[in-house]
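Q: What follows is a protein structure lacking sequence information:
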């Protein structure tokens, strides 16, 4: 079941939450809406769910080619999972899961036996078979979120929408549940959109990431694409750590506000360097407790901070000490001259002069 | 000497508990026990004569019956008032919100006189009286086995409906003020979840919202009920105070006091006290049961 949202506008008074956003989610995909708070991602999800409506005269929502713009939430066939679970605390887990089936009109309602069987099946799916008679307050956060998911799935929705589904969970549970959701979504193949502000979560889980900022979509692409080929400065800054250099030695293409980005893992540190593109830096701090070493460096010429990430092996080879004077060389640079996008690979051995323009005078 | 295990981060337990017990004794327990002591001086037959004479029994029925009805009506309409005040923005909302507290603040005698003036035959709402009497008359015709004129009264002011109006008036703020904070805290997500699962608005109210509000609703009901049982000032003006028909129990206590029958007055007071206590206890148990899953 594909989802197409066209030209969705939404304002709350003077505040614009969505500015003519269009989105196309192919059937069976797991899509992440990623952005900082206030970027409009939750509003977009709620409009798709029918919990919110786009501004008068704008926007169209289609599920599998069928226009559902005016359809109320209950009739759209969406399963919606809330960040804080929104379980009915006066009902048992089993009653919560069965809720969507028991509120159907008498004619469409399955017989009690079928409902019970369906609940059992879902309890098994969420690995809480023995907890059907518990109340939500007797469950842990991760268990509650799984119950919320089962409740949403009980009505056999055509699409699954999750609003910050892991936001209220602690790191470990979040990781487990993330993996479980990934696996589970692949298995039943339901078109799924989830909202998150956690770039790691989006990159790890999603088939496609929709990066949103300021009521607009900045970029849509696979995790690889948005990470490796960010189309705007916002995307590169939002997806992971990055070094930002505002002042270039001389402006390119006559543009004044060139911005240059280098990912910390594209920064190489060398003790001896004789090429043209090295920068003299001093080691400020070395963090080596982790999967890789993180080094904070200060440029000798203008005092800007540069973050670098090196493998533990490379770090051991260099045996850096705080205060050491070393050279850094950038392996890969992204440059946004006055908003446009270009990319340069800078070889550390200076072998490709054609691509060096961007690196000159860093 | 304080041991390590006895140390707590909240000091002053002994002092504050001592004060609490002392204060409650002084203000609540000693006066109440005086009623019991006074009553215990009576012989059993004196006691039963005082608390179970037909006139007193009739007053229990009036007091408990109408208080219960008034609290029930307040629970229903108070819920609507609280809902509107919490959920919808509208001009003059603050004024309406402040109006809810008026029955708290108004001297009850003023309320009684005002309500009487309005609902009396020559008052603003006097036109209601013939309508009411007509309605009761029709009930008498349709359901002849019921003693409707006696039960419902044929007038509004100076009859049972007047008592009901006065008790509803003074009980309203209790329901609204207990429900408001609970409604404010209730997550809209619950209703949204219910809606996305295909529930109709009515199903959402019945199966999600009402169970969620039940504990607060019962508390509000209990408080309005307790307040109505003890109400005297506003009722005596509007009730008409006909013996066996529209006399409330607090009025009988005052009547006995005016006749210097202190023992009789305290005996009735003790019965009221025990009855109210048992009822409030039952309501509390019901409330506890209704919020058994509301931890966290």
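A: Nice, thanks for sending it over. Quick caveat: nothing in here was measured; it's all calculated off a predicted structure.
Q: got the end-to-end distance for stretch A:283-301?
A: Start to finish, the residues bounding stretch A:283-301 are 14 Å apart (CA to CA, to the nearest Å).
Q: now swap in stretch B:87-96 and tell me
A: Stretch B:87-96 has its terminal residues 14 Å apart, counting by CA to CA.
Q: tell me the average confidence for the longest helix belonging to chain A?
A: In terms of residue count, the longest helix belonging to chain A (DSSP state H) is helix A:171-188. The pLDDT scores in helix A:171-188 average 87.
Q: now do stretch A:9-28
A: The average of the pLDDT scores along stretch A:9-28 is 91.
Q: from memory residue A:69 sits against residue A:63, does it?
A: No. Residue A:69 is beyond contact range of residue A:63, at 10.2 Å (criterion: CB atoms under 8 Å). C-beta: built from backbone N, CA, C; applies to glycine.
Q: Looking at the two, which has the bigger crowd around it?
A: Neighbours per residue, other CB atoms under 10 Å in any protein chain shown: of residue A:69 and residue A:63, the larger number sits with residue A:63, 21 against 16.
Q: for that one, phi and psi?
A: Main-chain dihedrals, residue A:63, degrees, to the nearest 10: phi -110, psi 110.
Q: Number of residues surrounding the residue nearest to residue A:50 when sequence neighbours are not counted?
A: Using CB to CB, 6 or more residues apart in numbering or on different chains and skipping residues adjacent in sequence, the residue nearest residue A:50 is residue A:73, 3.6 Å away. Under the neighbour criterion other CB under 10 Å, residue A:73 is assigned a count of 21.
Q: got the buried residues for the longest helix of chain A?
A: For helix A:171-188, burial by neighbour count (16 or more other CB atoms under 10 Å in any protein chain shown) applies to A:173, A:174, A:177, A:178, A:181, A:182, A:184, A:185.
Q: I'd guessed the first one sits against residue A:142; true?
A: Yep, that's residue A:173 we're talking about. Yes. If you go by CB under 8 Å, residue A:173 and residue A:142 touch, sitting 4.0 Å apart.
Q: sec struct for the closest residue to residue B:270 other than its chain neighbours, please.
A: Of all residues not flanking residue B:270 in the chain, residue B:39 sits nearest, at 4.9 Å (CB to CB, 6+ apart). Following DSSP: H, G, I helix; E, B strand; the rest coil, we place residue B:39 in the helix state.
Q: Outline the domain layout of chain A.
A: As recorded under automatic domain parsing, the domains making up chain A are A:3-238, A:243-359.
Q: weakest of the ones you listed in terms of mean pLDDT?
A: Of all the domains of chain A, mean pLDDT reaches its minimum on domain A:243-359 (a mean of 73).
Q: what are the phi and psi angles of residue 56?
A: As the question left the chain open, I've gone with chain A. Per-residue torsions, residue A:56: phi -50, psi 130 (degrees, to the nearest 10).
Q: what about it, distance to residue A:42?
A: Residue A:56 sits 21 Å away from residue A:42, going by CB to CB, to the nearest Å.
Q: And residue A:64, by the same measure?
A: 24 Å.
Q: all helices for the stretch 201-350 of chain A, in order.
A: For the stretch 201-350 of chain A, applying DSSP state H, counting those that start in this stretch gives helices covering A:223-228, A:233-238, A:312-318.
Q: In JSON lines: those helices, plus mean neighbour count and distance to residue A:83.
A: Shown next, in JSON lines, are those (neighbours: other CB atoms under 10 Å in any protein chain shown; distance: least, CB to CB, whole Å):
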{"stretch": "helix A:223-228", "mean neighbour count": "17", "distance to residue A:83": "22"}
{"stretch": "helix A:233-238", "mean neighbour count": "20", "distance to residue A:83": "20"}
{"stretch": "helix A:312-318", "mean neighbour count": "14", "distance to residue A:83": "36"}
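Q: between those helices, which one is nearest to residue A:128?
A: Set against residue A:128 and scored by CB to CB, these come closest in helix A:223-228, at 30.2 Å.
Q: Run the chain-centre distance for that closest one.
A: In terms of CA atoms, centre = their mean, to the nearest Å, the centre of helix A:223-228 is found 11 Å from the chain centre.
Q: Show me the contact partners of that helix.
A: Identification of contacts with helix A:223-228 by CB atoms under 8 Å, 6 or more residues apart in numbering or on different chains yields A:202, A:203, A:204, A:206, A:209, A:211, A:219, A:220, A:235, A:239, A:240.
Q: can you do 7 Å?
A: With contact meaning CB atoms under 7 Å, 6 or more residues apart in numbering or on different chains, helix A:223-228 is reached by A:203, A:206, A:209, A:211, A:219, A:235, A:239.
Q: out of those, which one sits closest to residue A:130?
A: Distance to residue A:130, by CB to CB, is smallest for residue A:206 among the contacts of helix A:223-228, at 32.5 Å.
Q: now the helices for the stretch 1-150 of chain B?
A: Under DSSP H, counting those that start in this stretch, the stretch 1-150 of chain B gives helices at B:13-24, B:30-40, B:44-51, B:54-87, B:93-100, B:102-105, B:108-119, B:128-142, B:148-152.
Q: quick one, the fourth one and helix B:44-51 angle?
A: Same thing as helix B:54-87. Using axes from the mean of the first three to the mean of the last three CA atoms, to 10 degrees, one finds that helix B:54-87 and helix B:44-51 are set 50 degrees apart in direction.
Q: Residue A:7 should be in a strand, yeah?
A: Yes. Judged by three-state DSSP, residue A:7 forms part of a strand.
Q: returning to that earlier point: most tightly surrounded among the domains of chain A?
A: Burial of these is given as mean neighbour count (mean count of other CB atoms under 10 Å in any protein chain shown); domain A:3-238 ranks first at a mean of 19.
Q: which residues does the residue of the stretch 201-350 of chain A found nearest chain B contact?
A: Residue nearest to chain B within the stretch 201-350 of chain A: residue A:201 (20.8 Å; CB to the nearest CB). Each residue near residue A:201 by CB under 7 Å, 6+ apart is listed here: A:166, A:178.
Q: Would you mind giving the helices of the stretch 1-150 of chain B as TSV with mean pLDDT and mean neighbour count added?
A: Formatted as TSV, the helices of the stretch 1-150 of chain B follow (pLDDT from 0 to 100; neighbours: other CB atoms under 10 Å in any protein chain shown):
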stretch	mean pLDDT	mean neighbour count
helix B:13-24	93	10
helix B:30-40	89	13
helix B:44-51	90	14
helix B:54-87	95	19
helix B:93-100	93	12
helix B:102-105	89	13
helix B:108-119	93	18
helix B:128-142	90	14
helix B:148-152	86	15
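Q: what's the closest non-adjacent residue to residue A:52?
A: Spatial nearest neighbour of residue A:52, excluding adjacent residues (CB to CB, 6+ apart): residue A:46 at 4.1 Å.
Q: where does that neighbour land in three-state SS?
A: Assignment for residue A:46 (three-state DSSP): helix.
Q: ok, now how distant is it from residue A:9?
A: Using CB to CB, we find residue A:46 at a distance of 14 Å from residue A:9.
Q: Just the buried residues of the helix or strand harbouring residue B:184, please?
A: Using DSSP states H and E, residue B:184 sits in helix B:160-185. Buried residues in helix B:160-185, counted by 16+ other CB under 10 Å: B:160-180, B:182-183.
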